[in-house]
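Peer 1: Give me the fold of what follows.
(3 chains)
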Amino acid sequence: MFKRSLAVILILVIFASLSGCYDNYDLEERQLCTAIAIDYSDNEGYKIILSVPVSEGDNEVGRALKTHTGKTLTQVINDIDSSSSKKLYFGHTRAVVLGMGLLKSDKAIEELTDYLVQNVQIDKNILLVAAYDINSVMEKEPAEDKLTGFYISGFYESGKEDKTYVNKENLLDFLKDESDSKSAAMPIISVEGDTLVFGGIAILKGTTLGGTLTKDEAYGFMWLKDRGFGGILSSSRLPISADIVEKKTNYGFREENGKIITDVYIDVTGNIWNYTDSEINSNGSEYLSAFKDEIKMQTTKAIERLKEIDCDALQLTEELKERNRGLYTPGVTSVPYDNINVNINFSLNFV
Amino acid sequence: MYSDNGKISARQMQILLILDILGISIIVLPKYNAAALGFDGILLPLGGGIMGLICLYFICRLAPFLGTFGLFDGLTKLTGSFISRLICLGLVFKLIFSLSCGIRIFSEAAKLKFLPNTPMWIISGLIILPCLYGAFKGYEARARLGELLVFIILIPFLIVFIPRLLDGGFPSFMPNINIGKDIYFKGSLTNCFAFTGLEFLLLTFNHLNNLSGIGKKLSFAFIFTLILIFLVNFITISILGDNLTASLDFPTVDIMDISSVSKGKGGIMMSIFYLSVVIYEIGAIYLGSGLLGDILGKRKSIYMYLAAFGGYIISLGFDDVNAVMSFLVKINTVFGIAYFFVLPIIMNVLLKLKKDDVYV
Amino acid sequence: MYRDIDENIRVFENMFTDCGDLVKRKIPVSSTYIYVLYFDGMADRAVVENRVLDTFMLEIRKTPPNNFKDLTTALINGGLTTADFREEAGFENAAVAVMSGETLLIIDGFDKAIIISTKNYPVREVGKPDTEGSIEGPKEAFTENFRDQTALIRRRIRDTNLKIKQLKAGRRSQTDIALIYLEDVCRPEILQEALRRIESIDIDAILDSGYLSQLINENVTSFFPLMQLTERPDKAAAEILEGRIVIAVDTSPFVIILPAVLPSFYQTGEDYYQNWQAASLIRIIRYIASVLALTLPALYVCLALYNPSMLPAELLLKMSFAREGVPISGIAEIYLMELAFEALREAGIRMPSSIGSTLGIVGGIIIGQAAVDAGIVSPIVVIVVSLTGICSFAIPQIALGSAYRLSKYFLLTAASFFGFLGFWAALITLLIHISSLKSFGIPYLYPFAGGDIEGDEGMRDTFFRFPIRFMKKRPIFSTDKQKIRMKSE
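Peer 2: Numbers count the residues shown, from 1 in each chain, chains lettered A, B, ... in the order given. Modelled structure (predicted):
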């Protein structure tokens, strides 16, 4: 009995001591990184900016930026890693900012996607955003949230005062879109005055940049896309705006005269604040039609632009495949975009 | 003395059946199904389930016979010593292969989530050691462990999968038969063979303290498991889409990782299935070594070491998780046909023919 | 024994040479002699002098009987003014009786010794329970006195089926042991097994019930207690009523309750005196506390050193900044603090209570604070270790608390080497171990596992303490015939 337990203990001790502690790092040995910005140009290769939190004494958190350049992605990251005594840790990285240069390069985007998927520390919830100038986005030091990654991800959380409706794309969404329709949409973020703003959408066609949507087109795109949404909708016709509290997009497909018609059903609920009772009576229906027109205008612009870019950024082919297999022809992506019929159901609450 | 007899109750057997089937199926099936049939893969566990119920019916008909004699002695009575040895040896191999695949698949997931830089041999060793210990503690301890843990297994369902059901936005259920009926059939069959707890039943009826109504009870447990597997399969494929599910290594773990409740804690959620995997592995080591003992004439504890070590070594031989999964599908198909369908049916027939000789 | 008193005296003189505390005297009574033998301090001097010597030396003299036979009969039947005496023919047994504090009386010409129960050794008064204190319910606790123990139980269960089976164990100590049980309720196979195990003990001395519980333990390698100890007579009585067996051991204020299952260690007497809601709340807290006591340090190591991504980023940053400049590694830090806590706890038990509280303040607050300020340890580790310590004290039974404490180091070590996977592997090993345990044939995890019995109500007394009127049946320990505890109205 005792001999056996002794043997077991011995085996365990040997096993444990042979194993070493491969993944054991003390907290202070890890260099947290809250956001990564990556750009690429054929001449200079990769440029990476990391935003890392630093202690400023008395529990104050500040941040520092680390910039490195190099030929391959892993090489640059290794350079950054070896330039400090601490080990880089991406477990809390919230956002990856992709420069337009990177988006234009097939090779770079593939390498990046590989890196993000292979790196087990990186969460699949990590946000992907595009930027025209990664330096300015990373250098922007917001007042309340000093850590860049948190600031960018906070951008998407409701309850922020400057919230606006933005398209959100995380790594898993990106992988799904890429594998389903060889196309993905990524929000563009830029600096405007004192703050970060949403500045359109970058559409990837295959693994290169297919084109960008302007702000108006981007809004239209988001109405059409079946993902979460919120923010403030202002009418260009009347001086009013509504707070969008709920939005759902559904698709239906039917065949008419040999053509495939895509029905997009958009259900929106919005709140209007600061009104008088007489306004409801006289303008209630007028408000409604103003908002509907606004959405209609935005979606029409978006559809036009998407047709120009010619890729399945809304994943309509996948929807068609899921919902109506009879109409689906493998390999053809542009069909659902030919005839899009937008139905808007808007309900306004006066609160 | 009370319960001091190494026997388990019908409820414990139900629980063990649930746990044995659940662990690896949940990790493997969505990926396999999405790759085989795309969105229609969500239907495959149903097909597999119906086939599984047929197997279960034939296996449970053998319950009184196997409960009296056990598999090896029973087979010897029906077919003679040589064939019986051959069949049992095959089953031992199946158990050890499933054991090694289970270890490797789970080791890969654990390596990914917990210990990315630690070598595989350590992780697999870490997983097999508690299983070996559990096998030494016997079948009754395993049953009680299962009874203790079965509620923990339900946590991921309650906080990840069932809430996702309420969100809606799922693909249509209408199957696209054009893909080919044979693919449906083959896929369902593979799903059925992935329900690895079924072969344990052949070996465990003689551990049961009360055989009355066991068929009904086990069917109930099996259907319950089927619902859970269907749920996971359905939600994983419909959220991630068929292409991504097929290309990710562990789609189920990723689903748990992105769920709003368990955000970033997919590893913790996954380790809940570790418990289920351990229960399966304990059973495989215990029953495999026991059967080996029957074949060789005497049960010895060295066989347990042998079974565990064999499984461990085989598990280290695979290149990566995809290799394990394809190997698992092959092994399951070959041995599954033999031990889920052919063996129970033949035994039933033989039993009917030789009824009078057997019970002398 | 011999008829001749002098021969008997010689035997006893030889037996008890160099026993300074022995009182022995040969006294002439009328026409014959008696010999009195007792240990000073063990026997009640007043009883010996007033009940025995007084009658023998004075009363007999007043009315001397006629002949020898009458004299002896008179001495035996009328000479003693006490009912508690017996005759003993063997020297060995007589000697044991004397050593137990009884008085030996030998009458010349009579071949048996008379043993008079005069036990009155120094004992404690029945006092308050030290380790199982309560606010509501009785305040009595067992003492070291064997008879007090049985009396305190007998007083609570006035049933002729309450059996007190007395045995002796220990070659030199000759310790009194009693199995106390309800004959019709307790399972006979468990009783037989307990008797078998006690009778098979062959050791020189049993000084405490702790000795006995270890000697009759079936699983030596496990550090989980398979028997329960209590110093509360009300608890002991309640357990007897459930069909369990209580073993009282002389010289130990703790009685053994067997068989024991894991949930029974979470029950205290007070649970049943309060209303069920309050009792259930306390129960749940105890279970949560025991989970924390078991896992918290290991989980800290997993989260901080292996998978920090599972911690909220803000907390992680605070912890990471707090560790800047801490000279020792995270694992060494937590082991060091655990060690310090263990030392503090051990010191607290040994210290006189007046210094004890000072020690707590100096050790816990001053040194802890100073260590954090000096940057030797990080504050979160201090929090983790002290929370673990507090939780371990919330488990009502010390034996289970220590089992969890030991298991905690097992988990901590596994977690330090292999992070979460090590933690899970160690936890599941522990669970396998607990699942495999049995106490006298009863699965240790009953009723969580192994309680698959038709109509079993065991679960009603685990996480929740159901209202007493819903706990109509006795748990698994009782015979099937006596399952009903409370008749339905």
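Peer 1: which bits of the stretch 51-200 of chain C sit near chain B?
Peer 2: C:187, C:189-190, C:193 (CB under 8 Å from any CB of the partner chain). Where you see a C-beta, it was placed from the backbone N, CA and C, and this is true even at glycine.
Peer 1: Kindly reformat those as CSV containing pLDDT, neighbour count and secondary structure.
Peer 2: Below are those laid out as CSV (pLDDT from 0 to 100; neighbours: other CB atoms under 10 Å in any protein chain shown; DSSP: H, G, I helix; E, B strand; the rest coil):
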residue, pLDDT, neighbour count, secondary structure
C:187, 91, 24, coil
C:189, 91, 14, helix
C:190, 92, 23, helix
C:193, 92, 20, helix
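Peer 1: So what's the residue count around the closest residue to chain A within chain C?
Peer 2: Nearest residue of chain C to chain A (CB to the nearest CB) works out as residue C:309 at 2.9 Å. Using other CB atoms under 10 Å in any protein chain shown, the number of residues around residue C:309 comes to 21.
Peer 1: Surely it touches residue A:120?
Peer 2: No - under the criterion of CB atoms under 8 Å, residue C:309 is not in contact with residue A:120, lying 10.0 Å apart.
Peer 1: Contacts only, for residue A:38.
Peer 2: Counting by CB atoms under 8 Å, 6 or more residues apart in numbering or on different chains, residue A:38 makes contact with A:46-49, A:73, A:96-99, A:102, A:112, A:134.
Peer 1: quick one: it and residue A:148, what's the gap?
Peer 2: 14 Å (CB to CB, to the nearest Å).
Peer 1: Now do the helices in the stretch 101-250 of chain C.
Peer 2: C:146-154, C:188-199, C:209-215, C:233-241 (DSSP state H, counting those that start in this stretch).
Peer 1: Output the ones you listed as CSV; include the columns distance to residue A:11.
Peer 2: Shown next, in CSV, are the helices of the stretch 101-250 of chain C (distance: least, CB to CB, whole Å):
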stretch, distance to residue A:11
helix C:146-154, 46
helix C:188-199, 32
helix C:209-215, 27
helix C:233-241, 41
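Peer 1: which of these sits most buried?
Peer 2: The highest average neighbour count among those, using mean count of other CB atoms under 10 Å in any protein chain shown, belongs to helix C:233-241 at a mean of 23.
Peer 1: which other residues reach that helix?
Peer 2: Contacts of helix C:233-241 (CB under 8 Å, 6+ apart): C:132, C:137-138, C:140-142, C:149, C:152-153, C:155-157, C:162, C:180-182, C:185-186, C:228, C:230, C:246, C:255, C:257, C:268-269, C:272, C:474, C:485.
Peer 1: starting at the chain centroid, how far to it?
Peer 2: 13 Å (CA atoms, centre = their mean, to the nearest Å).
Peer 1: now the angle from that helix to helix C:146-154?
Peer 2: Here helix C:233-241 runs at an angle of 60 degrees relative to helix C:146-154 (axes from the mean of the first three to the mean of the last three CA atoms, to 10 degrees).
Peer 1: Let me know the average pLDDT across helix C:233-241.
Peer 2: The average pLDDT within helix C:233-241 is 93.
Peer 1: same deal with stretch A:199-211?
Peer 2: For stretch A:199-211, the per-residue pLDDT averages 84.
Peer 1: Next, the buried residues of that stretch.
Peer 2: A:199-205, A:207, A:209-211 (16 or more other CB atoms under 10 Å in any protein chain shown).
Peer 1: Distance from the chain centre to that stretch, please.
Peer 2: Distance, centroid of stretch A:199-211 to centroid of chain: 12 Å (CA atoms, centre = their mean).
Peer 1: Format the CA atom coordinates belonging to it as PDB.
Peer 2: Provided in PDB are the C-alpha atoms of stretch A:199-211 (Å, rounded to 0.1, in the frame of the first residue of the first chain):
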ATOM      1  CA  GLY A 199     -15.500  57.700 -40.900                       C
ATOM      2  CA  GLY A 200     -17.000  55.100 -43.200                       C
ATOM      3  CA  ILE A 201     -16.400  51.500 -44.100                       C
ATOM      4  CA  ALA A 202     -13.700  49.700 -45.800                       C
ATOM      5  CA  ILE A 203     -14.900  46.800 -47.900                       C
ATOM      6  CA  LEU A 204     -12.500  43.900 -48.500                       C
ATOM      7  CA  LYS A 205     -13.000  42.000 -51.700                       C
ATOM      8  CA  GLY A 206     -11.200  38.700 -51.400                       C
ATOM      9  CA  THR A 207      -8.200  39.700 -49.400                       C
ATOM     10  CA  THR A 208      -7.600  43.200 -50.800                       C
ATOM     11  CA  LEU A 209      -9.400  46.500 -50.400                       C
ATOM     12  CA  GLY A 210     -12.300  46.600 -52.800                       C
ATOM     13  CA  GLY A 211     -13.300  50.100 -52.000                       C
END
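Peer 1: contacts for it?
Peer 2: Contacts of stretch A:199-211 (CB under 8 Å, 6+ apart): A:100, A:103-106, A:109-110, A:113, A:130, A:132, A:167, A:178, A:182-190, A:192, A:212-215, A:217-218, A:221, A:305-306, A:308-311, A:313.
Peer 1: per-residue confidence at the residue of chain C closest to chain A?
Peer 2: 84.
Peer 1: contacting residues around it?
Peer 2: Contacts of residue C:309 by CB under 8 Å, 6+ apart are A:91-92, A:121, A:123, B:264.
Peer 1: any idea which of these has the most stuff around it?
Peer 2: In the contacts of residue C:309, the most neighbours by other CB under 10 Å go to residue A:92, 25 neighbours.
Peer 1: Can you tell me the closest non-neighbouring residue to that one?
Peer 2: residue C:313 (4.5 Å; CB to CB, 6 or more residues apart in numbering or on different chains).
Peer 1: Work out the gap between stretch A:344-351 and the centre of the chain.
Peer 2: In terms of CA atoms, centre = their mean, the centre of stretch A:344-351 is set 27 Å apart from its chain centre.
Peer 1: same thing with stretch A:69-78?
Peer 2: Mean C-alpha position of stretch A:69-78 versus that of the full chain (CA atoms, centre = their mean) differs by 24 Å.
Peer 1: quick one, what contacts the closest residue to residue B:341 other than its chain neighbours?
Peer 2: Of all residues not flanking residue B:341 in the chain, residue B:55 sits nearest, at 6.2 Å (CB to CB, 6+ apart). Residue B:55 sits next to B:192, B:198, B:340-341, B:344 when contact means CB under 8 Å, 6+ apart.
Peer 1: Can you show me the CA trace of the one helix or strand residue B:55 maps to as CSV?
Peer 2: Residue B:55 belongs to helix B:44-61 when assigned by DSSP states H and E. Extracted in CSV, the C-alpha atoms of helix B:44-61 (Å, rounded to 0.1, in the frame of the first residue of the first chain):
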residue,chain,number,x,y,z
LEU,B,44,-27.0,14.8,-38.9
PRO,B,45,-27.2,14.2,-35.1
LEU,B,46,-30.9,13.4,-35.6
GLY,B,47,-30.1,10.8,-38.2
GLY,B,48,-27.3,9.5,-36.0
GLY,B,49,-29.6,9.5,-33.1
ILE,B,50,-32.2,7.3,-34.8
MET,B,51,-29.6,4.8,-35.8
GLY,B,52,-28.2,5.0,-32.3
LEU,B,53,-31.6,4.2,-30.9
ILE,B,54,-31.8,1.1,-33.1
CYS,B,55,-28.4,0.0,-31.8
LEU,B,56,-29.5,0.7,-28.3
TYR,B,57,-32.6,-1.5,-28.8
PHE,B,58,-30.5,-4.5,-29.9
ILE,B,59,-27.9,-3.9,-27.2
CYS,B,60,-30.6,-3.6,-24.4
ARG,B,61,-32.2,-6.8,-25.6
